[in-house]
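# Sharing a sequence plus its predicted fold:
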Amino acid sequence: MLKKKLLQIEALLIVGRKKLSPKQFIFLASVLVGISSAFAVILLKSFAHSVYLSASYINSILKLSFINSLLPIIGIMLTVLVVKKVLGGTIEKGTSQILYLVARKASIVPKKQMYAQIITSSLTVGLGGSAGLESPIVVTGAAFGSNFAQQFRLSYKDRTLLLGCGVAAGIAAAFNAPIAGVLFAVEVLLVDVTISAFTPIMIAAATGALVSTIVLNEDILLTFRGQQTFDYYNIPFYILLGLFTAFISVYYSRNFLKTEHYFAGLKLGVYKKAFAGALVLGLLIFIFPTLFGEGYESIKTLADTNPGELLKNTLFKDFSDNEWVLLCFVGLSMMLKAFASGITLGSGGNGGNFAPSLFLGSYAGYFFSKFLNLTGLTDLPVSNFAIVGMAGILSGLFHAPLTAIFLIAEITGGYALIIPLMIVASISFAISKRFERHSLDVKGLVKKGNVFTSNKDTNILWTLKMESILHPDPKTLSPDENMEDLRNVIKTSDQGMFAVTVEEKLVGVIYFSDIKEIIFNQIDVTVKELMTAPCEIISYTDSMETVMQKLEKSSKNYLPVTKDDLYYGYIDKGGALEAYRNQLKSMIFE
């Protein structure tokens, strides 16, 4: 029945595409992508929240603090089982894969990402893995947008635009924050988006937020309504908080990646590795239950008037009224989050760092302000600093200050804290970027030698194929041939460069521009005497960025190409630049 309905909807869309203008169809597509992404968010968030409440309920009855430690082990083991048995043995994690697909794969997202992220992250995070659901939400939304565009054979720029619509809708639905959704899609994923291209992204984000508001229980969303009025006398402390969150961001980024890499590289079978990592994670959660799952409930508790509730059902429950013990507990939870998240993802679980960044920011803001209050140096509004701290860490980790500012402004229900949000987010971004050139998601791509969307020229070059600019099977010469043989080759060819080969191996090149003054002179010379060693040789496996760099470095209009140590053809600079210009035209958002 459902399949029949979907086919009917698809038929209507096919008819609609013929009736509507291209721009109108994109607007319609943005609404549909927004709805799809929103329901994916609702499914993910509802499951994760239900599991958390169930675990809390069981704990309240049985008083068994180890229940929360067992659930992540079950979740990670089930995730690994699903990946191995259902998803072909591998699954890409994090928003970095979307950056890669936009830059390298023409925004084509595999179909399995429309459901793979929902299943695996639900199991991991829903059962207590110390990661977030937002990265899987981003990937799922991008998959809906990309595959919708593929289904209707839309162009690259429209495919990328709908991919951005899915991402914006996902973030908007997850936080009921449409502005943040738009900014995240534009600031992190898309480049050179014109004003007109904003409209579909805004439509998708508004649709996602509306569906989430109607369907999703507000208790599941991360919202705050208890912040205090901003006092400009506290500006010096917000500046210090910006510095503090910047260094915490760098700390998290480095230790998360080291931990994830260590567990991912363990020479164990997938199930043994998953069990070993989950066991360590379970132990951490046993001592610090705040590391369980996304951590949004503990964030709300921390920003509440009675944060001592965090110590209930923990080994430190007898000290719930001791503010110094609570402060130490918060500080240790904050420092251990990087390791807990790294273990979760490195051992085989699926999730992202968006929620951990908010967890870390809230705890950092609380720790910073509460420590100063307890020392008697000042009397800061702790809830405000806990809220603003989230913007500092989010900005520092993802290098997305605008997203951080408006996300926190929206989830707090207003813009009363906009000034401290701007101060903390901008300072954190500037300082963290000084120590970490690339954001957390991009660092992995850079280490692998891949590009990312903050460099438009590189992205365009990566989408070009070697075959599109290569001149294969050109006329070649042998070293022993004479001037008359060279003249005959030139007469029957429009090449600007002639390769000299021996048994198909390149031994030298002759540029027509170098010999044009002597080509018709009656001199007795061989090709070997005229040829020169190529200043640069392009390998068939070189990236287009490398090709362009070699052309620029050589100052030549033609360079030879080799494949498996054999001469394969040549590339001319004019043809490469023409291919670049044509690709640029197809990628501009209009």
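Sure, I can see it.
# next SSE after the helix ranked longest in the chain?
The helix that spans the most residues within the chain, counting by DSSP state H, is helix 22-62. Next helix or strand after helix 22-62 toward the C-terminus (DSSP states H and E): helix 67-85.
# just the angle between that next one and helix 22-62, please?
140 degrees (axes from the mean of the first three to the mean of the last three Cα atoms, to 10 degrees).
# elements contacting helix 67-85?
Helices and strands touching helix 67-85, by 3 or more Cβ pairs under 8 Å, 6 or more residues apart in numbering; DSSP states H and E, are helix 22-62, helix 116-126, helix 270-287. For the C-beta atoms, the positions are set from N, CA and C on the backbone; glycine is no exception.
# How about residues contacting the second one?
Okay, so that is helix 116-126. 40, 43-44, 47-48, 50-52, 75-76, 78-79, 82-83, 86-87, 91, 131-133, 135-137, 139-140, 143, 293-294, 344, 349-352, 355 (Cβ atoms under 8 Å, 6 or more residues apart in numbering).
# Narrow those residues to those that are buried.
With burial judged by 16 or more other Cβ atoms under 10 Å, the buried subset of the contacts of helix 116-126 is 40, 44, 47-48, 51-52, 75-76, 78-79, 82-83, 87, 91, 131-133, 135-137, 139-140, 143, 293-294, 344, 349-352, 355.
# quick check, Ile423 in a helix?
Yes: Ile423: assigned to a helix according to DSSP: H, G, I helix; E, B strand; the rest coil.
# what's the burial count for it?
19 (other Cβ atoms under 10 Å).
# Can you tell me the closest non-neighbouring residue to it?
Of all residues not flanking Ile423 in the chain, Tyr238 sits nearest, at 4.9 Å (Cβ to Cβ, 6 or more residues apart in numbering).
# For the one you found, the count of nearby residues, please.
26.
# contacting residues around it?
Taking Cβ under 8 Å, 6+ apart, we find Tyr238 in contact with 385, 388, 420, 423-424.
# make it 10 Å
By Cβ atoms under 10 Å, 6 or more residues apart in numbering, Tyr238 lies in contact with 230, 232, 365, 369, 380, 384-385, 388-389, 392, 417, 419-424, 427.
# so how far is stretch 509-527 off the chain centroid?
For stretch 509-527, the separation from the chain centroid amounts to 54 Å (computed by Cα atoms, centre = their mean, to the nearest Å).
# End to end on that stretch, go ahead and measure it.
End-to-end distance for stretch 509-527: 9 Å, by Cα to Cα, to the nearest Å.
# For that stretch, buried residues please.
Neighbour counts using 16+ other Cβ under 10 Å place 509-512, 515, 526-527 of stretch 509-527 among the buried residues.
# what does stretch 492-499 give?
Residues of stretch 492-499 classed as buried: 495, 497-499 (neighbour count, 16+ other Cβ under 10 Å).
# Quick check: strands, which of those are part of them?
497-499 (DSSP state E).
# burial count for Leu332?
With other Cβ under 10 Å as criterion, Leu332 counts 15.
# ok but it is inside a helix, no?
Yes: counting by three-state DSSP, Leu332 is part of a helix.
# just to revisit the earlier point, take the buried residues of stretch 509-527 and lay them out in a markdown table including distance to Ser539.
Below are those laid out as a markdown table (distance: Cβ to Cβ, whole Å):
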| residue | distance to Ser539 |
| --- | --- |
| Val509 | 16 |
| Ile510 | 21 |
| Tyr511 | 20 |
| Phe512 | 24 |
| Ile515 | 27 |
| Thr526 | 29 |
| Val527 | 24 |
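# And stretch 233-243, what's buried?
Across stretch 233-243, burial judged by 16+ other Cβ under 10 Å covers 234, 237-238, 241-243.
# quick revisit: ok, now how distant is the residue nearest to Ile423 from Pro307?
To Pro307, Tyr238 is 20 Å away according to Cβ to Cβ, to the nearest Å.
# now swap in Val31 and tell me
Note on Val31: its distance to Pro307, by Cβ to Cβ, is 41 Å.
# which of these two has more neighbours?
Legend: neighbour count by other Cβ under 10 Å for Val31 and Pro307, higher for Pro307 (22 against 17).
# what's near enough to touch the more buried one?
298, 301, 320, 323, 326-327, 329-330, 366, 370, 382-383, 386.
# you'd agree Tyr558 is up against Asp514?
No: assessed by Cβ atoms under 10 Å, Tyr558 is found out of contact with Asp514, at 11.3 Å.
# tell me, what's touching these two both at once?
By Cβ under 10 Å, 6+ apart, Tyr558 and Asp514 have these common neighbours: Met497.
# quick one: the strands in the protein?
470-472, 476-477, 497-502, 505-511, 538-539, 558-563, 566-572.
# possible to save the ones you listed as a markdown table with distance to Ser249 and mean pLDDT?
Putting the strands of the chain into a markdown table (distance: least, Cβ to Cβ, whole Å; pLDDT from 0 to 100) gives the following:
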| stretch | distance to Ser249 | mean pLDDT |
| --- | --- | --- |
| strand 470-472 | 44 | 79 |
| strand 476-477 | 56 | 83 |
| strand 497-502 | 51 | 87 |
| strand 505-511 | 50 | 87 |
| strand 538-539 | 39 | 87 |
| strand 558-563 | 43 | 86 |
| strand 566-572 | 43 | 85 |
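# Make CSV out of those and add distance to Arg159.
Formatted as CSV, the strands of the chain follow (distance: least, Cβ to Cβ, whole Å):
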stretch, distance to Arg159
strand 470-472, 26
strand 476-477, 41
strand 497-502, 37
strand 505-511, 39
strand 538-539, 30
strand 558-563, 30
strand 566-572, 28
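# and of the ones you listed, who's closest to Lys111?
The minimum distance between Lys111 and the strands of the chain falls on strand 470-472, with 31.4 Å, by Cβ to Cβ.
# thinking again about what came up before, of all the buried residues of stretch 492-499, which comes closest to Val547?
Among the buried residues of stretch 492-499, Met497 lies closest to Val547 (Cβ to Cβ), at 15.0 Å.
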